[in-house]
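[1] I would like to see how this sequence folds:
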Amino acid sequence: MIRRTFFLFSLAAVLTAVYTFVPTFVTAQRATRAGHPNFEGIWNSATATPLERPRELKDQPFFTPQEAAQWERQFIQRNEEPPTQVAGKRTGTGTYNAFYREFGTRTVKTLRTSIVTEPSDGRIPPLMPAAAEIKRLRLERLKKFEHPEDLGLQDRCLTFLTSGPPMLPYSYNSNYQIVQTQDAVVIHAEMIHDTRIIHLDGRPHLPSSVRLWSGDSVGRWEGTTLVVDTTNFNDGGGFYGDAGGNFGWDGNLHLVERFRLFDAETLLYQFEIDNPTAFTQPWKGELTMTRSGGNIYEFACHEANYSLSNMLKGYRAAERKPGGAARR
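    Just a heads-up that it's a prediction; the model follows:
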């Protein structure tokens, strides 16, 4: 009884001390030992703000607070509605129903009407002819399962198009964990556990012969803003884009990102894409990420990636039937 009483008294004392010092601790964590802003934590980028500005809002880069609230209500309502039925056709089942999706319910805190900020119409510039052809071929390859390479990087659990850079929201798992030291910032994406190391020690980029899925990132501080310069991409990457398919890039991509605290619970993320052999002009975007109180759990992609082998087996079986191979 004495031990129990002493334990409870000690526990109460510890909790009182923790409660007393929490405000001081939180305040201290706003800056690192080097005096830079502290971005450490888990951030979520899910948002009701579209990547590209709707054409009816072409000349309106920002919502008013009232317009943003109305947009959010309509966005939530659309996601709760069943898919539109087309006469004579079956609606695809997709991979998950809306219950498992996490599109976000709020617009970005800057109240922008799109993530794309430049060009001024909020739309991604057209692709160069060669890049458009590559995109067409990629989409065409996704209609068959002759080889593992016919499938996208996501199906093969190699990398995910929202992992970045640039880091764009998806319909679920739009979470990123940032770990910060004096010499580096590490960004760990929930999707497929892609992890990017941003060096802050002044080193140059890797030799041009070294090509990576997420490129080679070096950073520097400009006041309270972390500026990240990324080059050395390979030719097989891309990012999540419109409903017509994902956008790809080539080894000429040069990406500049900026991270800045918008407020204590919000991270402002801006990016600039310059890829003259892929897009007809450079373009920019920005979004806000909200600090998350949860954790990032294991993302197993496919357990043992059996889905990939099953798709290939199904295609082989379809080839043996009269009429040849199957189509999606």
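[2] Could you list the buried residues of stretch 230-238?
    The neighbour-count check on stretch 230-238 (16 or more other Cβ atoms under 10 Å) flags Thr230, Thr231, Asn232, Phe233, Gly236, Gly237, Gly238 as buried. Heads up, the C-betas are built off the backbone N, CA and C, glycines and all.
[3] Tell me which helix or strand in the chain has the weakest average pLDDT.
    The weakest-scoring helix or strand in the chain, judged by mean pLDDT, DSSP states H and E, is helix 2-28 (a mean of 37).
[4] ok so, going back, list the ones among the buried residues of stretch 230-238 that fall in strands.
    Thr230, Thr231, Gly238 (DSSP state E).
[5] For those, give me TSV that also has pLDDT and distance to Arg55.
    Output for these, formatted as TSV (pLDDT from 0 to 100; distance: Cβ to Cβ, whole Å):
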residue	pLDDT	distance to Arg55
Thr230	97	31
Thr231	97	33
Gly238	73	24
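[6] need these in TSV with distance to Met311, can you?
    Putting these into TSV (distance: Cβ to Cβ, whole Å) gives the following:
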residue	distance to Met311
Thr230	33
Thr231	34
Gly238	21
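[7] What's the first helix or strand after the least confident helix or strand of the chain?
    Proceeding N to C from helix 2-28, the next assigned helix or strand is strand 41-44, under DSSP states H and E.
[8] Output the contacting helices and strands for that next one.
    strand 175-180, strand 283-291 (3 or more Cβ pairs under 8 Å, 6 or more residues apart in numbering; DSSP states H and E).
[9] Now the shortest one: buried residues?
    For strand 175-180, burial by neighbour count (16+ other Cβ under 10 Å) applies to Asn175, Tyr176, Gln177, Ile178, Gln180.
[10] same deal with the last one?
    Buried residues in strand 283-291, counting neighbours by 16+ other Cβ under 10 Å, are found at Trp283, Lys284, Gly285, Glu286, Leu287, Thr288, Met289, Thr290.
[11] Pull the most distant pair out of these.
    Distances among these were taken as Cβ to Cβ; the most separated pair is Trp283 and Thr290, at 24.5 Å.
[12] Strands of this protein, residue ranges please.
    41-44, 116-118, 175-180, 184-189, 195-199, 216-222, 225-231, 238-242, 245-248, 254-263, 266-274, 283-291.
[13] Let me have those in a markdown table, adding distance to Pro65 as columns.
    Formatted as a markdown table, these follow (distance: least, Cβ to Cβ, whole Å):
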| stretch | distance to Pro65 |
| --- | --- |
| strand 41-44 | 22 |
| strand 116-118 | 19 |
| strand 175-180 | 27 |
| strand 184-189 | 31 |
| strand 195-199 | 34 |
| strand 216-222 | 30 |
| strand 225-231 | 26 |
| strand 238-242 | 28 |
| strand 245-248 | 32 |
| strand 254-263 | 16 |
| strand 266-274 | 16 |
| strand 283-291 | 15 |
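[14] Give me the residue ranges of this protein where confidence is low.
    Along the chain, segments meeting pLDDT under 70 span 1-29, 81-100, 240-248, 303, 324-328.
[15] Would you mind giving the buried residues of strand 283-291 as JSON lines with distance to Leu200 added?
    Shown next, in JSON lines, are the buried residues of strand 283-291 (distance: Cβ to Cβ, whole Å):
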{"residue": "Trp283", "distance to Leu200": "26"}
{"residue": "Lys284", "distance to Leu200": "23"}
{"residue": "Gly285", "distance to Leu200": "23"}
{"residue": "Glu286", "distance to Leu200": "22"}
{"residue": "Leu287", "distance to Leu200": "23"}
{"residue": "Thr288", "distance to Leu200": "23"}
{"residue": "Met289", "distance to Leu200": "20"}
{"residue": "Thr290", "distance to Leu200": "25"}
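[16] Quickly name whichever of those residues is closest to Ala34.
    For those, the nearest to Ala34 is Met289 (22.5 Å; Cβ to Cβ).
[17] Bridge partners for that closest one, pull those for me.
    On the basis of DSSP bridges, Met289 is bridged to Leu267.
[18] Any buried residues in stretch 55-65, and which?
    Those would be Leu57, Pro61, Phe63, for stretch 55-65 by 16+ other Cβ under 10 Å.
[19] Compare the strands of the chain and give me the one nearest Leu312.
    strand 245-248 (21.8 Å).
[20] Can you give me the distance of the closest residue to Leu51 other than its chain neighbours to Thr288?
    Excluding its sequence neighbours, the residue lying closest to Leu51 (Cβ to Cβ, 6 or more residues apart in numbering) is Ile115, at 4.9 Å. Going from Ile115 to Thr288 by Cβ to Cβ, to the nearest Å gives 10 Å.
[21] joint contacts of the two?
    Residues touching both Ile115 and Thr288 (Cβ atoms under 8 Å, 6 or more residues apart in numbering) are Thr47, Val108.
[22] need the buried residues of stretch 55-65 in a markdown table with distance to Met128, can you?
    A markdown table is the format used below for these (distance: Cβ to Cβ, whole Å):
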| residue | distance to Met128 |
| --- | --- |
| Leu57 | 27 |
| Pro61 | 26 |
| Phe63 | 32 |
